[in-house]
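*Asks:* Here is the input, now give the coordinates:
(chains A and B)
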There are 2 protein chains.
Amino acid sequence: MLGIVTTDMVIGVAEAGGLGSLPASALDAEQTRSIVGEIRRRTPKPLNLNFLCHEAPTRDRRREEAWLQRLTRYYRELGLTTEQSASGPPIPVFGSAHCDLLEEISPEVVSFHFGLPPKHLLERVRRTGAKIVSSATIVEEALWLEDSGCDAIIAQGFEAGGHRGTFLHRDPTRQVGLMALVPQIVDAVRVPVIAAGGIADPRGVAAAFALGASGVQVGTAFLFCEEANVSPLYREAARSTPPEQTVITNIFTGRPARVCDTRVVRELGPIGIDMPEFPVPAVPLAPLRAASEGQGRTDFTPLWCGQSARLGRALSAAALTRWLLDGQAEPSFGTIGDLRRKS
Amino acid sequence: MLGIVTTDMVIGVAEAGGLGSLPASALDAEQTRSIVGEIRRRTPKPLNLNFLCHEAPTRDRRREEAWLQRLTRYYRELGLTTEQSASGPPIPVFGSAHCDLLEEISPEVVSFHFGLPPKHLLERVRRTGAKIVSSATIVEEALWLEDSGCDAIIAQGFEAGGHRGTFLHRDPTRQVGLMALVPQIVDAVRVPVIAAGGIADPRGVAAAFALGASGVQVGTAFLFCEEANVSPLYREAARSTPPEQTVITNIFTGRPARVCDTRVVRELGPIGIDMPEFPVPAVPLAPLRAASEGQGRTDFTPLWCGQSARLGRALSAAALTRWLLDGQAEPSFGTIGDLRRKS
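*Replies:* From the prediction side, this is the model:
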């Protein structure tokens, strides 16, 4: 939940008994040092740093120009010129500088998405003493992660919001629902399995444990926390989008991710062919997004969202965590999505 | 599970404490009378008859010819002529003759798939005293079924094998995973919710109840029962297909259904455009299927299969039902799919 998770959220979750997780891929060393410093001052609880571990994109001028071409009419519509499009990819590749930083700050858990970094880097992370975790969307990926030495595996179901952790295949039609995925991964590996996708209330937590999971990872439900860095437009979209109107698209970054349906997904997606590699497609979308949001619209905004958003509740990160953990004392007010009929 | 469920399966399930369900759409009155007679003689337990309730297809010569055209090369390859293609749709529409029969045999439960039959027919079914059940794949469908008087609603998740029960939309990309679907339907309706899709062992049953379901419907796991009318080819495909290799396709009947990936799906699907209406596409596929199966292949066979097939176990229908119900005494032999690593 890069860009969404705040320092207060991490601390709230950690203090309430969850594992606070900070997406650190887009932070530079100074930012990470500063945020982790504050977290360490305010809570003694374990900390999880999360990194995307994509490879450096192979730049492909033809694909990038074709992508920009497809966006030209939107630039025109918003009165922008394509020269305003920034040039570098927005998310740095996990590298040795990250390892230096991890050696310095020693987070208790380091989690990756999109597989694992190259062996020599992973070995450095391991030597910091951190537990290493990554996501699998199929059994084959779980076996690969276990063989690579992961201490726990996140089973990421079809329902999950945001990027699919997929790394052994790229076919967005090959998805497995969490109900089927968790027990099959649990049966296949010996390390603990953490269920992710569609879990937004204590019922989902209990169900995941019944399936054999040893933990759960919850994302979308935290969009409604007061501490989340989420615009009112985004929060309203997540609140009001029924699960079947979320869609897996590669339009925003080149990698499949579940979002609330929005204009650019409908018009260019959901699955664009011949897209530049992750995360290059995001670069020329950024000016469109900014201009559109300035007009109160989300036409070009990646509204990352899982299929259980409407089960969410407007609680603080700590209260949400406690509620998910103890499963008791359901708040007396209804769900975010107003699912319940008045009788 | 039309064509797969046998009299012995229905009786085995019922005697073990489940609700035995007989797919009756493709049976004529005499066949139904005879099978139900045998079931009634052999068990006093409640019986569920299941019907597809599609509308009569609007015949469209252009679409049907285009579909046959797409199949021509397969006819040629198998040494068949398209004149060998039968003409009528293989599954009759639910009508007043079915109501006559239901009045005569009084099943305790009548379930429908694809919504509900027209009101005057549904009213006749209701007057037989049967409980009425149908499937929802989104919250909106569940609300519609409740408003139409259903006594219980099956929440059919993305993971489920066979036909999607979808009836308020036809967009195969609009799917909801069971983990997200069940609690959202439970919150929306007042009638009991039955979870379906990806449930194949006691863990899935426990998870569904944790999500708020009042019951579960299990399909794919019964493919491995000795009493099932399943060819060795089909059983082997279900056993060996990982969940991400099952696919939702409309190629076999015109309606989206989850199957094991097979040749005709790969070459013409998974989603064919401008298909004839359900179930017309099945008609010209039938001779291809027969010829291909005669050569030991499943190129044209709809291998209906959910995403938890590999959790299956080769048990009798009664033993499988008891295992699902009590969740104890896991059979000492492993899963059908050999997921577990040897340590």
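*Asks:* now the strands: where do they sit in chain A?
*Replies:* A:20-23, A:47-52, A:109-113, A:131-136, A:152-156, A:162-163, A:193-196, A:215-217, A:246-249, A:257-260 (DSSP state E).
*Asks:* could you dump the ones you listed to TSV with mean pLDDT and mean neighbour count?
*Replies:* The C-beta positions use only the backbone N, C-alpha and C, and glycine is treated the same way. Shown next, in TSV, are the strands of chain A (pLDDT from 0 to 100; neighbours: other Cβ atoms under 10 Å in any protein chain shown):
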stretch	mean pLDDT	mean neighbour count
strand A:20-23	98	21
strand A:47-52	98	24
strand A:109-113	98	24
strand A:131-136	98	24
strand A:152-156	98	27
strand A:162-163	97	24
strand A:193-196	98	27
strand A:215-217	98	20
strand A:246-249	96	23
strand A:257-260	98	25
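*Asks:* wait, which of these is closest to chain B?
*Replies:* Smallest distance to chain B across these (Cβ to the nearest Cβ): 6.7 Å, for strand A:246-249.
*Asks:* Which strands and helices lie in contact with the closest one?
*Replies:* Other elements packing on strand A:246-249 under the criterion 3 or more Cβ pairs under 8 Å, 6 or more residues apart in numbering or on different chains; DSSP states H and E are strand A:257-260.
*Asks:* Which residues outside the strand it packs on are in contact with it?
*Replies:* A:159-164, A:237-238, A:241, A:245-250, A:252, A:265, A:298, A:302-307 (Cβ atoms under 8 Å, 6 or more residues apart in numbering or on different chains).
*Asks:* same check, this time on stretch A:138-149
*Replies:* Contacts for stretch A:138-149 (Cβ under 8 Å, 6+ apart): A:115-116, A:122, A:126, A:132, A:134-136, A:153, A:155, A:165-169, A:174, A:176, A:181, A:184-185, A:188-191, A:193, B:242-244, B:339, B:341.
*Asks:* From those, list just the buried residues.
*Replies:* Buried members of the contacts of stretch A:138-149, scored by 16 or more other Cβ atoms under 10 Å in any protein chain shown, are A:115-116, A:122, A:132, A:134-136, A:153, A:155, A:165-167, A:174, A:176, A:181, A:184-185, A:188-189, A:191, A:193, B:242-244, B:339.
*Asks:* now chain A, which segments are flagged as low pLDDT?
*Replies:* Low-confidence segments of chain A (pLDDT under 70): A:84-89, A:328-343.
*Asks:* hey, where'd the helices end up in it?
*Replies:* Here chain A has its helices, by DSSP state H, at A:7-15, A:29-42, A:61-77, A:96-105, A:119-127, A:139-147, A:178-188, A:202-210, A:232-240, A:263-268, A:282-294, A:317-326.
*Asks:* which of the ones you listed is buried the deepest?
*Replies:* The highest mean neighbour count among the helices of chain A, using mean count of other Cβ atoms under 10 Å in any protein chain shown, belongs to helix A:178-188: a mean of 30.
*Asks:* Output the contacting helices and strands for that one.
*Replies:* Using 3+ Cβ pairs under 8 Å, 6+ apart, helix A:178-188 sits against helix A:139-147, strand A:152-156, strand A:193-196, helix A:202-210, helix B:178-188, helix B:202-210.
*Asks:* how close does the closest residue to residue A:36 other than its chain neighbours sit to residue B:297?
*Replies:* Among residues not flanking residue A:36 along the chain, residue A:105 sits closest, at 4.9 Å (Cβ to Cβ, 6 or more residues apart in numbering or on different chains). According to Cβ to Cβ, to the nearest Å, residue A:105 stands 58 Å off from residue B:297.
*Asks:* try residue A:215
*Replies:* 44 Å.
*Asks:* Repeat that for residue A:181.
*Replies:* Residue A:181 is 30 Å from residue B:297, by Cβ to Cβ.
*Asks:* Test my guess that residue A:327 contacts residue A:205.
*Replies:* Yes. Using Cβ atoms under 8 Å, residue A:327 is in contact with residue A:205, at 6.5 Å.
*Asks:* Let me know whether residue A:182 touches residue A:209 as I believe.
*Replies:* No. Using Cβ under 8 Å, residue A:182 makes no contact with residue A:209, being 9.6 Å away.
*Asks:* could you dump the helices and strands packed on helix A:178-188 to CSV with distance to residue A:39?
*Replies:* What follows is the helices and strands packed on helix A:178-188, written out as CSV (distance: least, Cβ to Cβ, whole Å):
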stretch, distance to residue A:39
helix A:139-147, 27
strand A:152-156, 21
strand A:193-196, 21
helix A:202-210, 24
helix B:178-188, 30
helix B:202-210, 33
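*Asks:* need the contact list for residue A:302.
*Replies:* Going by Cβ under 8 Å, 6+ apart, residue A:302 touches A:252-253, A:257, A:259.
*Asks:* As TSV, those with distance to residue A:62 would be great.
*Replies:* What follows is those, written out as TSV (distance: Cβ to Cβ, whole Å):
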residue	distance to residue A:62
A:252	20
A:253	19
A:257	24
A:259	27
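*Asks:* Between all of these, which two are separated the most?
*Replies:* The span of these, defined through Cβ to Cβ, is set by A:253 and A:259 at 10.4 Å.
*Asks:* if I look at the closest residue to residue A:222 other than its chain neighbours, how far off is residue A:320?
*Replies:* Nearest residue to residue A:222, sequence neighbours excluded (Cβ to Cβ, 6+ apart): residue A:228, at 5.9 Å. For residue A:228, the distance to residue A:320 (Cβ to Cβ) stands at 10 Å.
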